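Chemist: Could you look at this predicted model? Sequence included:
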2 protein chains.
Amino acid sequence: MASGTLLYAQSGGVTAVINATASAVITEARARRVRVLAARNGILGALREDLIDTSKESIAAIRGLAHTPGGAFGSCRYKLKSVDADRAKYERLLEVLQAHDVRWFLYNGGNDSADTANKVSKLAAEFDYPLTCIGVPKTVDNDLAVTDCCPGFGSAAKYTAVSVREAALDVAAMAETSTKVFVYEAMGRHAGWLAAAAGLAGKGTDDAPHLILFPERAYDEADFLARVEKIVARVGYCVVVASEGIQTADGRFVADAGGGKDSFGHTQLGGVASFLAGRVKDALDMKVHWTLPDYLQRSARHIASRTDLEQALAVGKAAVKLALAGRNATMPVIVRTSDSPYRWKIGEASLDKVANHEKKMPAGFIRRDGYGITAAARAYLEPLIRGEAYPPYGRDGIPAYVTLKNVGVRRKLAAWNEAG
Amino acid sequence: MASGTLLYAQSGGVTAVINATASAVITEARARRVRVLAARNGILGALREDLIDTSKESIAAIRGLAHTPGGAFGSCRYKLKSVDADRAKYERLLEVLQAHDVRWFLYNGGNDSADTANKVSKLAAEFDYPLTCIGVPKTVDNDLAVTDCCPGFGSAAKYTAVSVREAALDVAAMAETSTKVFVYEAMGRHAGWLAAAAGLAGKGTDDAPHLILFPERAYDEADFLARVEKIVARVGYCVVVASEGIQTADGRFVADAGGGKDSFGHTQLGGVASFLAGRVKDALDMKVHWTLPDYLQRSARHIASRTDLEQALAVGKAAVKLALAGRNATMPVIVRTSDSPYRWKIGEASLDKVANHEKKMPAGFIRRDGYGITAAARAYLEPLIRGEAYPPYGRDGIPAYVTLKNVGVRRKLAAWNEAG
């Protein structure tokens, strides 16, 4: 039994499989007889000394985490600034870690979390506190550097491709007398990874989605509307997938063009799909429907990708191994060794190379006309949505998702002054 | 081999399992060596003499229909008026049926379709044309009379309950620093069946969904906002499910309150969820997210209910039996014989009793406070979402949905004058 405690925390937007990573972390640590605490609501729990004793959870509950979406210990959107700007917070963090004999800190999140883990590791060194900090990758945005893909993305991508395929079959059947244009809004403020995944829904030229709008390409309304009109004339209907982050050539977010205030002064919440649908209705006078899946797309564990699940488990297990091996300030990453057949393995990246970098979609992934994906994109994306990994269901027809007891650990320090 | 042809047509909004009914109809008819034609795009295809020869489809394709959402032969929104008002159309219909020796007409849809099938049967009798008309139930709205439930509803209900459960886990994990209120918009213009199904997502008082807004109860904004505020204070977050059809006490649709024109004169498409989210933001100043699943909820074959699938298959098979037995102007219906254990069988209803009636949700299904479901509702709804029925998936990670060849039959009549 290694001496000391491992602290695990979840950060940023949760996914369908971040709990699978948690499950693997705890299972691997238990096998090595390492005590695991979890921070409640991410780094906030660590600052507040609000820590959860995972040893109170049954083997069944920890196993059940692998098929439960959301963030079982709570997550947060809380970015620590530079060590200089937020020195008091970093020192408080170290104080809490020290008080609970934390020797390994695993932070499960995106770019920001990798950055935080990196900074904590540097500060610990400065204070001569023996701590191994590991970043554990997670994000539906798929925008982490170094790793070939990010756990969480594959499942959201599968949800997107399957949903677009299904809705397109619905629209196709009804288009003669009903909806001619359908708009699907995909997450992705800066990069069109999820919108691109929708491209997997069809293969032929006239298969849905007929138009994909990427944040990487300027939104040209006249061109867009002309294309919709032509596609409806040729195919009978048109399915559009739009990234929430699309912008006009002058850099304004299209999502902000919708919304505003109604005649009562009430806030109108916009969004890209509703805006585009309105333009199609006004300009083309066609019946249009639209969908905003919002959180459904990142929590849909019921349609998780098996590849994604396996990778989420693998990074959790690898993170514990790296931690116990003292591989400070690193992150386990997915390394693709072959497209066809798809093969991958776990590698290791320095947090310096991951933190605060953003992986953009390669230009070669977007079709020359700007409205679809290329064969290269397909070769990259398809393996990530391959395979199913269904959760078990109860007699009530609902997945048997687990809820942890989340028993707190007794505090040893004075309360943290959040304001200060 | 029975002499004559069976004509099958799909009508109205399609579902995750209407093709399963089609699959059962064709399979049963083939077993009895009856020729099956299908009308392209519902009754329109019959009027246009645009008929599909289902004998050109392979056994595998017809079997594959059972796991393919949408409407494989096309559907339509096209309501025939009374025989007096639309006499020329009804007579054209009979002419087409006669030209193709159609002796059995199966119309797969909701109230309107039952009405049309009923009227066609009466007109055929008037013309001494031997025709057996059968209505085959289908609708995600679950509003058909006589039948205990409607094929299509159970799968949309399962989608709703599972999606709300998953999104709630996401919101719960993030609420501390992010979204506090989440609004889900469910289909249901006149009756809150799908919104009620969301109630299956949780069991305890503080489980999501915390508030369900039914079209059967007047929307009271002050009361709604006060409840949201209290729930956030108590639980930490609040998940709201709203029927698209909710109305204020004076009968105005809340969905129409959103929308309008933006400052550029562009149409703003509203919706209940976006409107409610805007009110929460303005009045409570809380971070809010919302989802409009739209067609995703009725086409989600990937999360179909096994009960629903079995019933969709059963009504298809029963419809052929009723047709060949000459049970004119009837509909096979689901008869519930026991809640626990859930047992059902196929019964038979006169189209007179189904046509143009609308089954409302029983008052006893809505909680006294108006914001949730009762134990009686749960006992009714739960069996309908029970069991999974996954489609097969391809190597590409997408369900292997089938596309039919839909080979047309040679026309025998002059073209139909649609205008006239």
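Modeler: Okay, I see it.
Chemist: Flag every buried residue along stretch A:342-351.
Modeler: Buried residues in stretch A:342-351, counted by 16 or more other C-beta atoms under 10 Å in any protein chain shown: A:344, A:346, A:347, A:348, A:349, A:350, A:351. Backbone N, C-alpha and C define where each C-beta goes, glycine included.
Chemist: Can you check the pLDDT for residue A:255?
Modeler: At residue A:255, the model reports a pLDDT of 86.
Chemist: Identify the residue spatially nearest to it, adjacent ones excluded.
Modeler: Leaving aside its chain neighbours, residue A:255 sits nearest to residue A:272 (4.8 Å; criterion: C-beta to C-beta, 6 or more residues apart in numbering or on different chains).
Chemist: pretty sure the one you found is in contact with residue A:248, am I right?
Modeler: No - distance between residue A:272 and residue A:248: 11.8 Å, which falls outside the contact criterion (C-beta atoms under 8 Å).
Chemist: Neighbour count for these two, which is higher?
Modeler: residue A:272 (28 against 13; other C-beta atoms under 10 Å in any protein chain shown).
Chemist: For the residue nearest to residue A:255, give its distance to chain B.
Modeler: For residue A:272, the distance to chain B (C-beta to the nearest C-beta, to the nearest Å) stands at 12 Å.
Chemist: ok now do that residue, which residues does it touch?
Modeler: If a contact means C-beta atoms under 8 Å, 6 or more residues apart in numbering or on different chains, then residue A:272 has A:183, A:185, A:213, A:242, A:243, A:244, A:246, A:254, A:255, A:258 as its contacts.
Chemist: doesn't residue A:240 make contact with the second one?
Modeler: No - checked against C-beta under 8 Å, the pair residue A:185 and residue A:240 is beyond contact range at 9.5 Å.
Chemist: so where's the stretch 201-350 of chain A uncertain?
Modeler: Low-confidence segments of the stretch 201-350 of chain A (pLDDT under 70): A:258-264, A:267-270.
Chemist: so how far does stretch A:56-68 reach from one end to the other?
Modeler: Using C-alpha to C-alpha, to the nearest Å, one end of stretch A:56-68 lies 18 Å from the other.
Chemist: Okay, helices next: where are they in the stretch 301-420 of chain A?
Modeler: Along the stretch 301-420 of chain A, the segments classed as helices by DSSP state H, counting those that start in this stretch run A:306-324, A:351-354, A:375-381.
Chemist: any idea which of those is most buried?
Modeler: Across the helices of the stretch 301-420 of chain A, averaging neighbours per residue (mean count of other C-beta atoms under 10 Å in any protein chain shown) puts helix A:306-324 on top, at a mean of 24.
Chemist: If you drop the residues flanking it in sequence, what lies closest to the most centrally placed residue in chain A?
Modeler: Nearest to the geometric centre of chain A sits residue A:140, at 2.2 Å (C-alpha atoms, centre = their mean). Closest residue to residue A:140 apart from its sequence neighbours, by C-beta to C-beta, 6+ apart: residue A:156 at 4.1 Å.
Chemist: Report all helices and strands that the helix or strand hosting the one you found contacts.
Modeler: Applying DSSP states H and E as the criterion places residue A:156 in helix A:153-174. In terms of contacts (3 or more C-beta pairs under 8 Å, 6 or more residues apart in numbering or on different chains; DSSP states H and E), helix A:153-174 is packed against strand A:181-186, helix A:193-198, strand A:238-243, helix A:296-299, helix A:306-324, helix B:296-299.
Chemist: so which of those comes closest to residue A:78?
Modeler: Closest approach to residue A:78 among these (C-beta to C-beta): helix A:296-299, 18.8 Å.
Chemist: what residues do residue A:272 and residue A:248 have in common as contacts?
Modeler: The overlap between the contact sets of residue A:272 and residue A:248 (C-beta under 8 Å, 6+ apart) consists of residue A:254.
Chemist: close enough to count as contact, residue A:276 and residue A:242?
Modeler: Yes - contact criterion C-beta under 8 Å: residue A:276 and residue A:242 qualify, at 5.9 Å.
Chemist: so what's the residue nearest to the centre of chain A scoring on pLDDT?
Modeler: What the model reports for residue A:140 is a pLDDT of 96.
Chemist: Equivalent analysis for residue A:357, please.
Modeler: 88.
Chemist: And for it, the neighbour number?
Modeler: 15.
Chemist: With the one 5 residues further on instead?
Modeler: The criterion is other C-beta under 10 Å. On that basis, residue A:362 has 12 neighbouring residues.
Chemist: That one: what's it in contact with?
Modeler: residue A:376.
Chemist: ok, now residue A:371?
Modeler: Taking C-beta under 8 Å, 6+ apart, one finds A:210, A:211, A:212, A:213, A:227 in contact with residue A:371.
Chemist: residue with max distance from the center of chain A?
Modeler: residue A:177 (38.1 Å).
Chemist: For the spatially closest residue to residue A:365 that is not a sequence neighbour, give its distance to chain B.
Modeler: Counting by C-beta to C-beta, 6+ apart, the nearest residue to residue A:365 once its immediate chain neighbours are dropped is residue A:377, at 3.7 Å. For residue A:377, the distance to chain B (C-beta to the nearest C-beta) stands at 13 Å.
Chemist: Distance check, residue A:377 against residue A:190.
Modeler: 17 Å (C-beta to C-beta, to the nearest Å).
Chemist: Which positions in the stretch 301-420 of chain A make contact with chain B?
Modeler: By the rule C-beta under 8 Å from any C-beta of the partner chain, the part of the stretch 301-420 of chain A lying against chain B is A:301-303, A:305, A:382, A:385-388, A:390, A:393, A:395-399, A:401.
Chemist: Mind checking which of these are in strands?
Modeler: Assigned to strands by DSSP state E, none of those qualify.
Chemist: Can I have the buried ones of those as a ChimeraX selection?
Modeler: Only the buried entries of these go into this ChimeraX selection, using 16+ other C-beta under 10 Å:
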select /A:301,302,303,305,382,385,386,387,388,393,396,397,398,399,401
